[in-house]
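> Predicted structure and sequence below. I'll ask about it afterward.
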Amino acid sequence: MNDLSMDNLNLTPKSLTPKAIVAALDEHIVGQKDAKRAVAVALRNRWRRQKLPAELRDEVTPKNILMIGPTGCGKTEISRRLAKLADAPFVKIEATKFTEVGYVGRDVEQIARDLAEEAIRLEKDRRREAVRGAASEAAMKRLLDALVGENASEATRESFRLRIIDDSMNDKEVEIEVEDQPNMNMELPGMGGNVGMINLSDMMGKAFGQKNMKRRKLTVAQAWDKLIDEEAEKRMDQDDVARVALQNAEHNGIVFLDEIDKIAVSDQRGGTVSREGVQRDLLPLIEGTTVSTKYGPMKTDHILFIASGAFHVSKPSDMLPELQGRLPIRVELQALTEEDFVRILSETRANLVEQYCALIATEEVTLDFHEDAIQEIASTAAQVNETVENIGARRLQTVMEKLLEEVSFDAEERTGSTVTIDRAYVQDRLGELAGDADLSKYIL
Ligand SMILES: Nc1ncnc2c1ncn2[C@@H]1O[C@H](COP(=O)(O)OP(=O)(O)OP(=O)(O)O)[C@@H](O)[C@H]1O
């Protein structure tokens with residue numbers, strides 16, 4: 001890639017120093033300092049690499065990361081948040097998926113194709129912003145034409161326009177001409193996976209320079225969404241979208257490979273694709289290869305791979321040596337404690353307590369959480385994790401849902417009231433359940 005095309009990339013901002021990245025992650029994720037530092041350095045190294053002269057830049061490959069830690073302790077969350085910070089295409093894939101019946105070696109390339117799709121989605125979102133004004137103007141014109149006819153007076157059009165804008169026509173039906181997407185996919189023989197899939201309708205549309213249009217009955221709200229989408233797409237140079245998105249996937253993409261520990265042990269089952277085989281298939285992708293996608297060839301050399309697993313049964317050293325070598329940065333994440341749960345519920349941004357308060361507040365009911373209630377919820381979650389199964393912070397979700405089940409169900413009958421949630425309330429709702437391991441297995 002030459003320097004010029006590199007300039008088109010959305011570079012990670014200079015201000016995203018490792019410290020700034022860790023600070024941003026701290027807002028959402030409690031603890032796990034080592035993992036945060038490792039991903040922060042990996043991201044910064046991308047920015048550093050982009051500053052290098054071309055010949056050196058190509059030599060610098062990402063130092064992929066292996067996260068070791070129990071389920072629900074923040075491995076995915078850290079990686080996903082990192083990608084969001086960097087505005088980077090991100091996909092999460094379970095490594096075990098490739099051991100299932102029906103998969104063949106080359107299917108791991110689908111990971112790169114999924115990343116390309118994600119990059120396309122991001123790029124289109126970015127460009128949609130830029131064309132929003134023109135697209136909504138054109139969409140409104142088409143919608144008004146369909147509702148009142150092209151020859152209606154300006155006054156009529158204006159009065160309909162205002163009613164559309166203030167949402168009062170949302171449920172009214174309108175018959176309108178929109179693009180038809182029958183999805184006539186056809187697989188090209190001899191080309192594996194999705195590359196060989198071509199969309200016949202797309203192709204015919206391109207050949208004749210036009211899309212198939214079809215009259216459909218939609219609600220005004222549905223028609224508006226569809227028209228905005230069509231008008232925005234029309235205003236994007238699709239070839240340029242594909243080119244920039246592919247570059248972005250190649251240089252900024254992050255692949256999160258979950259359950260890598262499950263493919264590290266040798267096979268006992270017959271009939272399925274061997275786990276060692278999957279490791280071998282993954283290798284070229286991680287080492288760097290070129291995968292054909294429907295947007296063109298995509299190099300995987302500079303994609304950042306974050307592999308993760310609990311490694312309860314297997315050890316990282318059980319993986320193929322080549323794969324171990326490709327995941328040189330090892331970080332351990334800690335199982336979450338009761339204190340961590342308190343912090344997750346009270347210190348993280350948009351935490352579960354805030355979310356529930358906001359949801360119930362839409363019914364004009366106030367949830368007044370006392371500190372001792374948070375402590376009790378955390379202790380209940382920790383207790384159930386210990387007695388039933390440790391699912392980490394995910395336990396907080398089931399516990400909170402159960403705790404607030406009743407209020408959530410009849411909030412609209414309590415308009416104007418305040419529900420006090422203190423330790424006694426939590427014990428009253430959850431005490432019996434949490435104390436009974438058999439019940440908790442199903443309910444909490
Ligand atoms: N340390 C943490 N701080 C705040 N929230 C957390 C933390 N760990 C996990 N969570 C929350 O718990 C949920 C599950 O976490 P996550 O998906 O990161 O688990 P994981 O470690 O990747 O587990 P798995 O290996 O099973 O995928 C998410 O909603 C996440 O926000």
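Arrived safely, thanks for sending. Numbers count the residues shown, from 1 in each chain.
> going forward, measure contacts between C-alpha atoms and count neighbours the same way
Will do.
> in the stretch 1-150 of the chain, which spans are helices?
All helices of the stretch 1-150 of the chain, identified by DSSP state H, counting those that start in this stretch, fall at 3-6, 18-26, 33-50, 54-57, 75-86, 110-148.
> Quick check: buried residues in the second one?
When burial is assessed from 16 or more other CA atoms under 10 Å, helix 18-26 yields the following buried residues: 18, 21, 22, 24, 25, 26.
> What separation is there between the fourth one and the ligand?
The gap separating residue 24 from the ligand is 13 Å, by CA to the nearest ligand atom, to the nearest Å.
> how about the helices of the stretch 1-150 of the chain in CSV, adding mean pLDDT?
CSV is the format used below for these (pLDDT from 0 to 100):
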stretch, mean pLDDT
helix 3-6, 43
helix 18-26, 94
helix 33-50, 91
helix 54-57, 88
helix 75-86, 94
helix 110-148, 90
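> Determine which two of the buried residues of helix 18-26 are furthest apart.
Across these, the longest distance by CA to CA is 12.1 Å; it joins 18 and 26.
> How far off centre is stretch 126-134?
Averaging C-alpha positions (CA atoms, centre = their mean, to the nearest Å) puts stretch 126-134 22 Å from its chain's average.
> Then stretch 292-308?
So, by CA atoms, centre = their mean, the centroid of stretch 292-308 is 17 Å from its chain's centroid.
> residues touching the residue of the stretch 101-250 of the chain found nearest the ligand, list them.
Nearest residue of the stretch 101-250 of the chain to the ligand (CA to the nearest ligand atom) works out as residue 111 at 17.2 Å. Listed by CA atoms under 8 Å, 6 or more residues apart in numbering, the contact partners of residue 111 are 91, 93, 255.
> Compare those residues and tell me which is most surrounded.
residue 255 (25 neighbours; other CA atoms under 10 Å).
> Distance of residue 338 relative to the ligand?
On the measure of CA to the nearest ligand atom, residue 338 and the ligand end up 12 Å apart.
> Tell me the spacing between that residue and residue 426.
16 Å (CA to CA, to the nearest Å).
> Compare the two and say which is more crowded by neighbours.
Neighbour count, other CA under 10 Å: between residue 338 and residue 426, residue 426 has more, with 22 against 18.
> tell me which element the more buried one falls in.
helix 423-435 (DSSP states H and E).
> Can you tell me, leaving aside adjacent residues, what's nearest to residue 171?
Nearest residue to residue 171, sequence neighbours excluded (CA to CA, 6 or more residues apart in numbering): residue 219, at 5.3 Å.
> my read: the one you found touches residue 167, true?
No. Using CA atoms under 8 Å, residue 219 is not in contact with residue 167, being 11.6 Å away.
> These two - which one has more neighbours?
residue 219 (16 against 11).
> domain ranges for this protein?
Domains of the chain are assigned by automatic domain parsing as 3-117+244-332, 124-242, 338-443.
> and among those domains, the most buried is which?
Among the domains of the chain, domain 3-117+244-332 has the highest mean neighbour count (mean count of other CA atoms under 10 Å), at a mean of 19.
> And it, how far out from the chain middle?
Centroid separation for domain 3-117+244-332 versus its chain: 14 Å, with CA atoms, centre = their mean.
> So, low pLDDT: which residues of the stretch 151-300 of the chain?
181-211, 266-273 (pLDDT under 70).
> what do you get if the cut-off is 90, keeping everything else the same?
151-226, 228-239, 262-281 (pLDDT under 90).
> Close to the ligand: what parts of this protein are there?
28-31, 71-77, 309, 344, 393-394 (CA under 6 Å from any ligand atom).
> Please list the members of those residues that lie in strands.
Among the residues of the chain next to the ligand, the ones falling in strands (DSSP state E) are residue 309.
> Please list all residues in contact with the residue lying farthest from the centre of the chain.
In the chain, residue 153 marks the outermost C-alpha relative to the chain mean, sitting 46.6 Å out by CA atoms, centre = their mean. Listed by CA under 8 Å, 6+ apart, residue 153 has no contact partners.
> again, but for residue 122
89, 245.
> ok so, going back, out of the contacts of residue 111, list just those in strands.
91, 93, 255.
> Is it correct that the last one is in contact with residue 300?
Put plainly, it is residue 255. No. Look at residue 255 against residue 300 with CA under 8 Å: they stay out of range, at 10.4 Å.
> Phi, psi for residue 88 please.
phi -100, psi 140 (degrees, to the nearest 10).
> hang on, isn't it packed against residue 251?
No. Applying CA under 8 Å, one finds residue 88 not in contact with residue 251, separated by 9.1 Å.
> Report the spatially closest residue to residue 326, excluding sequence-adjacent ones.
Residue 326's closest residue in space is residue 64 (CA to CA, 6+ apart), at 6.5 Å.
> Now for that neighbour: which residues touch it?
Taking CA under 8 Å, 6+ apart as the test, what residue 64 contacts is 42, 304, 305, 306, 307, 326, 327, 328, 329.
> which one of these is nearest the ligand?
residue 307 (9.9 Å).
> Wasn't that closest one part of a helix?
No. Counting by DSSP: H, G, I helix; E, B strand; the rest coil, residue 307 is not part of a helix but strand.
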